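>>> Structural data only, the sequence is not supplied:
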């Protein structure tokens, strides 16, 4: 059953990725993220679970890993900062669904001689589960690092280490203080590293929830990459859309200003607006039929009465005035033509303004329609039924932050 679920999600993610159709520029621009995603996709296919161990210097991260491995693989000298870079080792679990777990040891995030702290955080942040090791109450820097992982939607366990010399009341006080600094709705587990407590807790958790944590982490990484690619594409399309709107604004302004015939003026404006919507739909990857463009234009006009009034009412009035001016020219020896120019300029300005508004609203409407896809990683996450709230509530944090920060409307023209 485990392999079946993993295979299903792997196939869905692989199919989604193959439909992305990246340009050479995008492949180069997102090279780092693409490599990381493909590595995670491979781990999902091979059912390889990964645990990242993180914390400040001197809290005993390497010692904890050695204890789990039952071997002295990681260096544990007395001087803090012994670990200088990420080191990864396989942990064999014979009685588990995952036969081997990858364990990542990391330097203390507060160690000043780390070459690439962002790279280390990035690698730990791609783990399926993070053990955040502390040796006492949380300080401000530790709270900040934990908050960053939470915002990224990571599953965290707090591991309280080096408690041998603490009395029971002192230990309880530290646990209470740590809990007071963590989000109340997440119920982040605090595991005391005493004898085999941590190993037993990890074995139980991985055996029960490891599969879904691996799948969720893979989907999250895919979704983050998707958002980055989409943002970049929208930025580039924004420039093209603005240029297209400007072109149609100029055409309409010229036509409205020079044309004295009311019906032709109105029909021509509507035709240009529909053509603009059609061009914008191509820019944003939604090829609309003629009937669909008319529906969008109708919706925009109904929801923006002033826009509709500007397009029809004011321009009709000005065209009547222009018609009267032209009819009275023979009787005024051309004097009546004097106000014709300013009226035409006003009409042109109105045409430019209304076209830009229509273009912006149409782009927004087209974007909303075009972003509905049932194979996107975000939709796949939403479709997973998560019954254990205390284990999977970090996903709700990710989804809420994702919806809050990535509506992309700011990248529309």
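Yep, that arrived. Source: prediction; values computed, not measured.
>>> Which helix runs longest in this protein?
For the chain, the longest helix by residue count, based on DSSP state H, is helix 197-258.
>>> Quick one: distance of it to the chain centre.
With Cα atoms, centre = their mean, to the nearest Å as the basis, helix 197-258 stands 5 Å off its chain's centre.
>>> How about stretch 27-46?
17 Å.
>>> what's the model's confidence in it, averaged?
What stretch 27-46 shows for mean pLDDT is 93.
>>> let's number from 53 now, not from 1
Got it, the first residue is 53 from now on, which makes the last one we talked about stretch 79-98.
>>> Give the buried residues for that stretch.
Buried residues in stretch 79-98, counting neighbours by 16 or more other Cβ atoms under 10 Å, are found at 82, 86, 88-89, 92-93, 95-97. In short, each C-beta sits where N, CA and C put it, glycine included.
>>> ditto for stretch 229-240
If you call a residue buried by 16+ other Cβ under 10 Å, then stretch 229-240 has these buried ones: 230, 234, 238, 240.
>>> Now do the same contact list for the first one.
Translated: residue 230. By Cβ atoms under 8 Å, 6 or more residues apart in numbering, residue 230 lies in contact with 186, 189-190, 210, 212, 242.
>>> how much space between it and residue 82?
38 Å (Cβ to Cβ, to the nearest Å).
>>> Equivalent analysis for residue 126, please.
For residue 126 relative to residue 82 (Cβ to Cβ), the value is 33 Å.
>>> can you check residue 62 too?
With Cβ to Cβ as the criterion, residue 62 and residue 82 are 21 Å apart.
>>> Ok, residue 103 next?
In this view, residue 103 and residue 82 are 27 Å apart by Cβ to Cβ.
>>> Residue 234 too?
Here residue 234 is placed at a distance of 33 Å from residue 82 (Cβ to Cβ).
>>> cool, residue 437 as well?
Taken as Cβ to Cβ, the span from residue 437 to residue 82 is 31 Å.
>>> thinking again about what came up before, make a markdown table from the buried residues of stretch 229-240 and add secondary structure and distance to residue 429 to it.
Converted to a markdown table, those look like this (DSSP: H, G, I helix; E, B strand; the rest coil; distance: Cβ to Cβ, whole Å):
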| residue | secondary structure | distance to residue 429 |
| --- | --- | --- |
| 230 | helix | 33 |
| 234 | coil | 28 |
| 238 | coil | 22 |
| 240 | coil | 25 |
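>>> Can you say which two of these are spatially most distant?
Greatest spatial distance among the buried residues of stretch 229-240 (Cβ to Cβ): 230 and 238, at 12.7 Å.
>>> can I get the buried residues of stretch 229-240 in a markdown table with pLDDT?
As requested, the buried residues of stretch 229-240 are exported to a markdown table (pLDDT from 0 to 100):
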| residue | pLDDT |
| --- | --- |
| 230 | 93 |
| 234 | 92 |
| 238 | 84 |
| 240 | 90 |
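>>> Can you tell me which of these lies closest to residue 196?
Closest approach between the buried residues of stretch 229-240 and residue 196, by Cβ to Cβ: residue 234, at 12.6 Å.
>>> residues contacting the closest residue to that closest one other than its chain neighbours?
Take residue 234 and drop its neighbours on the chain: the residue closest to it by Cβ to Cβ, 6 or more residues apart in numbering is residue 240, 5.1 Å away. Counting by Cβ under 8 Å, 6+ apart, residue 240 touches 198, 208-210, 234.
>>> Most neighbours of all these, which one?
Greatest neighbour count in the contacts of residue 240, by other Cβ atoms under 10 Å, goes to residue 198: 24 neighbours.
>>> The nearest residue to it once chain neighbours are set aside: neighbour count?
Once flanking residues are discounted, residue 198 sits nearest to residue 184: 6.0 Å by Cβ to Cβ, 6+ apart. Residue 184 is flanked by 24 other residues according to other Cβ under 10 Å.
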